[in-house]
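K.L.:
I'll drop the sequence and a predicted model, then ask my questions.
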Amino acid sequence: MPLYESVVIARQDISATQVDTLADELTKIIEENGGSVAKREHWGLRSLTFRIKKNRKGHYVLFNVDAPAAALSEFERRMRLNEDVLRYLSIRVDEHEEGQSSILTNKGRPTGRREGGPGGGGGGGRFESGRGRPPRDDNAGGNRAAPAAKEGES
């Protein structure tokens, strides 16, 4: 059977227990149609990049699914009908990732964003100087003297 990864985003105003109930219902749909859910991860309440149906946050759930295409079609049809599901995305993969997903693995780590506030240290910026422009090259520019030629060179 083909392997799929599916991420579901549920509304922010439902509780974590309601998200688990929703995930149980979706797992049951896959199993009723001859498939299985290899892994299910609740990533928690996360901020959305943009508003979706007036929601700024959503509960994310990952499913690793091993099911026929008909089971996945029914899975997605039921998600379209459910008012608690904001968005979903299912993709076919060659193999499932072992262990925790990278989202849960990196949960406690810094995001790579600039640390510190305005005027904060850390060199934070595009260039080493942190001023948004590249370091100055003393040999660049048309009004500067060219370096002197060494002896024996012409």
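P.N.:
Yep, that arrived.
K.L.:
in this protein, mark out all the helices, start to finish.
P.N.:
Per DSSP state H, the chain carries helices over the ranges 16-32, 69-81, 102-105.
K.L.:
would you list the ones you listed in a markdown table and tack on distance to residue 46 and mean neighbour count?
P.N.:
For the C-beta atoms, the positions are set from N, CA and C on the backbone; glycine is no exception. Output for those, formatted as a markdown table (distance: least, C-beta to C-beta, whole Å; neighbours: other C-beta atoms under 10 Å):
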| stretch | distance to residue 46 | mean neighbour count |
| --- | --- | --- |
| helix 16-32 | 12 | 15 |
| helix 69-81 | 18 | 15 |
| helix 102-105 | 9 | 12 |
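K.L.:
save the ones you listed as JSON lines, and put in mean pLDDT too.
P.N.:
JSON lines is the format used below for the helices of the chain (pLDDT from 0 to 100):
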{"stretch": "helix 16-32", "mean pLDDT": "94"}
{"stretch": "helix 69-81", "mean pLDDT": "94"}
{"stretch": "helix 102-105", "mean pLDDT": "77"}
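K.L.:
nearest approach to residue 62 belongs to which of these?
P.N.:
helix 102-105 (7.5 Å; C-beta to C-beta).
K.L.:
who touches the closest one?
P.N.:
Helix 102-105 is contacted by residues 41, 43, 60, 62, 99 when judged by C-beta atoms under 8 Å, 6 or more residues apart in numbering.
K.L.:
follow-up on the earlier one: dump the helices of the chain to JSON lines, plus distance to residue 87.
P.N.:
Conversion of the helices of the chain to JSON lines gives the following (distance: least, C-beta to C-beta, whole Å):
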{"stretch": "helix 16-32", "distance to residue 87": "14"}
{"stretch": "helix 69-81", "distance to residue 87": "9"}
{"stretch": "helix 102-105", "distance to residue 87": "16"}
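K.L.:
related to what we said a few turns ago, can you name the two of the contacts of helix 102-105 that sit furthest apart?
P.N.:
Spanning the widest gap among these are 60 and 99, at 17.9 Å by C-beta to C-beta.
K.L.:
how long is stretch 88-99 from one end to the other?
P.N.:
For stretch 88-99, the first-to-last residue distance is 22 Å (C-alpha to C-alpha, to the nearest Å).
K.L.:
quick one on the thing from earlier: more neighbours: residue 60 and residue 99, which one.
P.N.:
Taking other C-beta atoms under 10 Å, residue 60 and residue 99 do not tie; residue 60 has more neighbours (19 against 8).
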